[in-house]
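*Asks:* no letters, just coordinates:
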């Protein structure tokens with residue numbers, strides 16, 4: 001191993017050892033399924049904000065988005081605009097309501113359990129449908145994180161892609177399996193800070209290397225038309241439909257279980273306002289820096305990156321500009337992004353299997369300790385399936401994440417919005433919305449209609465299905481209506 005690789009490896013080992021140590025620390029503290037899944041609702045504002053955003057952005061932020069900006073320029077800005085708006089609306093309107101309502105609705109620990117308790121669903125059909133949706137799309141989402149890890153280790157150490165994929169997977173699974181929700185949130189906070197500074201350091205340093213902003217801009221404009229929001233790299237006008245599709249990423253926020261569970265776990269609803277402010281600062285700066293990496297990378301590299309290789313731009317620039325150990329610390333930002341999201345996703349999926357499938361259908365008398373171990377074993381099974389899906393080195397992180405993001409946004413987003421804001425929503429309406437939204441995304445993707453992002457038809461059709469079916473079915477029971485009114489009253493007391 002050469003000196004450069006050894007320096008990067010040293011930084012990785014220190015970072016990974018710290019993350020796994022946190023998981024082991026919480027192993028003894030995690031004795032109930034509530035602690036493993038939701039951390040007993042003990043998240044403070046700072047941890048809630050950074051863990052939500054770190055788990056949200058994933059390896060996509062340092063690999064997929066810079067790769068898109070490298071290939072398409074400021075077109076990527078429309079994605080950032082949509083995500084910024086979605087983040088704000090989610091924290092402003094969804095977070096306080098689901099924190100309060102999930103507690104009132106039988107102290108719900110998962111999103112499927114919330115839907116089930118919200119509508120007093122005794123049949124468990126709601127939980128089963130939600131769990132099936134989570135399993136399908138989260139295996140895909142987890143696969144995207146493993147692919148990002150594979151690209152990281154393969155690019156940095158010259159490892160065989162399959163070996164790199166397996167190595168990254170083992171690290172992620174290790175501390176998710178041991179520590180549970182609290183460990184994941186603490187490490188997410190550390191990782192969010194690391195991602196933030198890594199994203200700032202790389203483009204700023206590159207500007208100085210290239211001679212300042214003016215010289216960098218000239219370098220980009222010399223060969224590419226990448227600095228205009230409304231223009232393609234070839235100089236043609238960006239179609240309105242493409243702009244709508246890019247900004248529609250913001251719709252996905254309302255249905256992401258791994259983000260929503262952070263809202264449910266916040267210590268006090270009154271802390272949400274401060275958490276929102278922290279989250280918004282992090283999101284705006286991080287998204288802007290990620291796009292800057294891709295665009296500045298056009299001027300920085302003498303030989304262009306083609307195809308899937310464009311997603312390695314952050315790594316290539318980092319290794320070119322910094323000493324080995326410092327480069328390793330910065331590249332840990334990618335590992336942080338991957339680990340934060342993958343661990344959160346694995347935890348939510350495992351909780352869906354244990355709480356919404358195993359407990360109600362297979363072992364309704366199972367005790368906490370048994371459910372805790374079912375959750376942990378589920379982490380291993382889900383990781384195995386995701387690993388198999390990510391074996392192709394041609395996989396693109398951006399496109400995989402886009403598919404899973406659309407699936408959750410269309411299936412759960414309209415259902416959650418209706419459940420939190422419309423008293424007349426019925427169990428049948430929500431079921432219709434979840435099934436319609438999820439299937440629309442799957443069929444749209446399968447049909448290969450590239451002109452419009454599949455979350456748009458999925459979201460709109462799901463909303464329509466909820467409204468039509470809820471109007472066509474009997475109104476909810478008085479007890480369900482009363483719980484809705486109680487949640488509304490509590491929300492008004494804290495404001496938002």
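*Replies:* That came in fine, so what should we check first? The shown structure was predicted, so the numbers you read here are calculated from the model rather than taken from an experiment. Residues are numbered from 1 along each chain as shown.

*Asks:* check which residues of stretch 300-316 are buried.
*Replies:* The neighbour-count criterion (16 or more other Cβ atoms under 10 Å) identifies 300, 305, 308, 310-316 as the buried residues of stretch 300-316. Just so you know, the C-beta spots here come from the backbone N, C-alpha and C atoms, and that holds for glycine as well.

*Asks:* quick check: of these, which lies closest to residue 137?
*Replies:* Within those, proximity to residue 137 (Cβ to Cβ) peaks at residue 311, which comes in at 21.2 Å.

*Asks:* contacts only, for that closest one.
*Replies:* By Cβ atoms under 8 Å, 6 or more residues apart in numbering, the contact list for residue 311 reads 63-64, 66-67, 151, 396-398.

*Asks:* so which elements touch the longest helix seen in the chain?
*Replies:* The single longest helix within the chain, with elements called by DSSP state H, is helix 125-157. Helix 125-157 makes packing contacts with helix 3-27, helix 111-118, helix 161-179, helix 313-321, helix 324-353, helix 368-389, helix 397-421, helix 427-447 when contacts are defined by 3 or more Cβ pairs under 8 Å, 6 or more residues apart in numbering; DSSP states H and E.

*Asks:* report the angle between the axes of it and helix 427-447?
*Replies:* Relative orientation of helix 125-157 and helix 427-447, computed by axes from the mean of the first three to the mean of the last three Cα atoms, to 10 degrees: 40 degrees.

*Asks:* in JSON lines: the helices and strands packed on helix 125-157, plus distance to residue 85 and mean pLDDT.
*Replies:* Shown next, in JSON lines, are the helices and strands packed on helix 125-157 (distance: least, Cβ to Cβ, whole Å; pLDDT from 0 to 100):
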{"stretch": "helix 3-27", "distance to residue 85": "32", "mean pLDDT": "75"}
{"stretch": "helix 111-118", "distance to residue 85": "22", "mean pLDDT": "88"}
{"stretch": "helix 161-179", "distance to residue 85": "30", "mean pLDDT": "73"}
{"stretch": "helix 313-321", "distance to residue 85": "25", "mean pLDDT": "90"}
{"stretch": "helix 324-353", "distance to residue 85": "21", "mean pLDDT": "77"}
{"stretch": "helix 368-389", "distance to residue 85": "30", "mean pLDDT": "79"}
{"stretch": "helix 397-421", "distance to residue 85": "13", "mean pLDDT": "91"}
{"stretch": "helix 427-447", "distance to residue 85": "20", "mean pLDDT": "94"}
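
*Asks:* figure out which of those is closest to residue 53.
*Replies:* Ranking these by proximity to residue 53 (Cβ to Cβ) places helix 324-353 first, at 9.0 Å.

*Asks:* for the closest one, buried residues please.
*Replies:* Within helix 324-353, the residues that qualify as buried are 324-325, 327-353, counting by 16+ other Cβ under 10 Å.

*Asks:* residues contacting the nearest residue to residue 142 once chain neighbours are set aside?
*Replies:* Nearest non-adjacent residue to residue 142, counting by Cβ to Cβ, 6 or more residues apart in numbering: residue 386, 3.7 Å away. Counting by Cβ under 8 Å, 6+ apart, residue 386 makes contact with 139-140, 142-143, 145-146, 169.
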